[in-house]
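Enquirer: my questions concern the predicted model and sequence given below.
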Amino acid sequence: MEKYQLRSGFTTGTCAAVAAKAAAAMLLTGNPLQHMKLVTPKGTEADLPLFRVVLNDQEAACGVQKDAGDDPDVTHQAFVFASVGHFYGDEKEALKTCYRYDLENGSPLFLTAGEGIGWVTKPGLSCPIGLPAVNPVPRAMIFQGVEEARREAGFEGPLIITISMPEGKKLAEKTFNSKLGIVGGLSILGTTGIVNPMSEEALTATIRLELHMKAVAGERKVILTPGNYGEAFIKEALCLSMSEGVTCSNFIGEAFTMAREDRFKEILFVGHIGKLIKVAGGVYNTHSKHGDRRMEILWDCVSSVIPDSQRLEKEILSANTMEEASKILKEYNILEPVMKEVVHRIQAHVSRWSGGIHVEVVTFSTTYGILGMSEGAQEMISHFATREEDRE
């Protein structure tokens, strides 16, 4: 059977640039348009239809509906709007909220954000604090598209471009923007102009950015957890905020390596035993495609704690889930010492991956709650709790 080829799409940056170029062309020629072409940084031509065109003497505006292809992008089918108008304001004052683009022989272009576009409030991003979250590549695409329209129309005066996404504020709640210090809406993103279906590279880049943002903010202690179970446990059982944490999915080894690169000094690692048992076996990436071996790893931990038992070995290796295996260990009255060994092995592996960062570990199950904690975990939990109280 022929393998299905995932369909690519266009980034919000491409949509914003197409809309801005079209709005500039309409303003400067007085002619309404139905579509606009633009070449992306990857060299692919985008020829996109325009929606909700508005045109008058002072301003033109239009929208482009994003098609993200087969990528599960939260902005898929959302509208990206651009308006372009003549600029009559104070240039120095405009720089407080606008990006500026200058040619050697020409008036400047200004770029700002309208409804649904986020504003940067923390250092460490590729956009300055206090300006819209329009990343460098889409920013350049927008300016180049508008400059091309201005040149073709033979116009040399200053213009102001405003990008907006009416659904942006609501959609931003589904992203990491609030953690990154982007408030009020979405970022305008893209480096190639093309959306490729979500890759492992994109996921690890998100983890790296979150850790880097915390490091830039001066943080040297962080909570790491693989996913939703861990997040819920951290909030409900440990009474800590995930504002202190980063979700690393299956990329556990990579996350600890990244933490080393950003010079973190202490990490609280919290996760469900179903995921963390793999880490106890030295599994760098816990995705099932890299293998399972959960029960084999668990049995290796069990066999180091108690004398050999063929009956117990058979029960453990036949268990379908770590919840079931934990129940078996509890029935044999050895759950606590086995989990102590599991936690010890987890600590050893993640400490090695992180280059010797001080790591404390908490692992749990949905049935029994905390199964194991490293010796200094409670102290580190208390530290994070105190920091949270101080912020309040």
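Expert: Now that the structure is in, tell me what you want to look at.
Enquirer: which of the residues in stretch 111-126 are buried?
Expert: 111, 112, 113, 114, 116, 117, 118, 119, 120, 124, 125 (16 or more other CB atoms under 10 Å). Placement of C-beta: from N, CA and C, glycine included.
Enquirer: partner strands of the helix or strand where residue 269 lies, parallel or antiparallel?
Expert: Taking DSSP states H and E as the definition, one finds residue 269 inside strand 266-272. Strand pairing for strand 266-272, using DSSP bridges, gives strand 221-225 (parallel), strand 358-365 (parallel).
Enquirer: export the ones you listed to CSV and tack on mean neighbour count?
Expert: Listed next are those as CSV, based on neighbours: other CB atoms under 10 Å:
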stretch, mean neighbour count
strand 221-225, 23
strand 358-365, 24
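Enquirer: between the ones you listed, which one is nearest to residue 60?
Expert: strand 221-225 (46.7 Å; CB to CB).
Enquirer: ok, back up a step: for the next helix or strand after the strand holding residue 269, enumerate the helices and strands it packs against.
Expert: Per DSSP H and E, the first helix or strand lying C-terminal to strand 266-272 is helix 273-280. Helix 273-280 is packed against helix 294-303, helix 322-331, helix 335-353, strand 358-365, with contacts defined by 3 or more CB pairs under 8 Å, 6 or more residues apart in numbering; DSSP states H and E.
Enquirer: out of the ones you listed, which is closest to residue 227?
Expert: Between residue 227 and these, the tightest spacing by CB to CB is seen for strand 358-365, at 13.0 Å.
Enquirer: give me the angle between the strand holding residue 269 and helix 335-353.
Expert: Orientation check (axes from the mean of the first three to the mean of the last three CA atoms, to 10 degrees): strand 266-272 against helix 335-353 gives 130 degrees.
Enquirer: mind saving the C-alpha coords of strand 266-272 as CSV?
Expert: Output in CSV follows, covering the C-alpha atoms of strand 266-272 (Å, rounded to 0.1, in the frame of the first residue of the first chain):
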residue,chain,number,x,y,z
GLU,A,266,18.3,21.9,40.5
ILE,A,267,15.5,19.9,39.0
LEU,A,268,12.4,18.3,40.5
PHE,A,269,11.5,15.5,38.2
VAL,A,270,7.9,14.3,38.7
GLY,A,271,6.1,11.6,36.7
HIS,A,272,3.7,8.7,36.6
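Enquirer: pLDDT of that strand, averaged?
Expert: The average pLDDT within strand 266-272 is 97.
Enquirer: give me the angle between it and helix 322-331.
Expert: Going by the same axes, to 10 degrees, strand 266-272 is angled at 90 degrees with respect to helix 322-331.
Enquirer: coming back round to it: of the helices and strands packed on helix 273-280, flag the one that's most buried.
Expert: Mean neighbour count (mean count of other CB atoms under 10 Å) peaks for strand 358-365 among those, with a mean of 24.
Enquirer: hmm, who's touching that one?
Expert: Where contact means CB atoms under 8 Å, 6 or more residues apart in numbering, the residues beyond strand 358-365 that reach it are 233, 237-238, 256, 265-274, 276, 322-323, 326, 339, 342-343, 346-347, 350-351, 370-377, 379-381.
Enquirer: hmm, 7 Å instead?
Expert: 233, 265-273, 276, 322-323, 326, 339, 342-343, 346-347, 350-351, 370-374, 376-377, 380 (CB atoms under 7 Å, 6 or more residues apart in numbering).
Enquirer: flag the shaky bits of the stretch 51-200 of the chain, pLDDT-wise.
Expert: 70-72, 105, 195-199 (pLDDT under 70).
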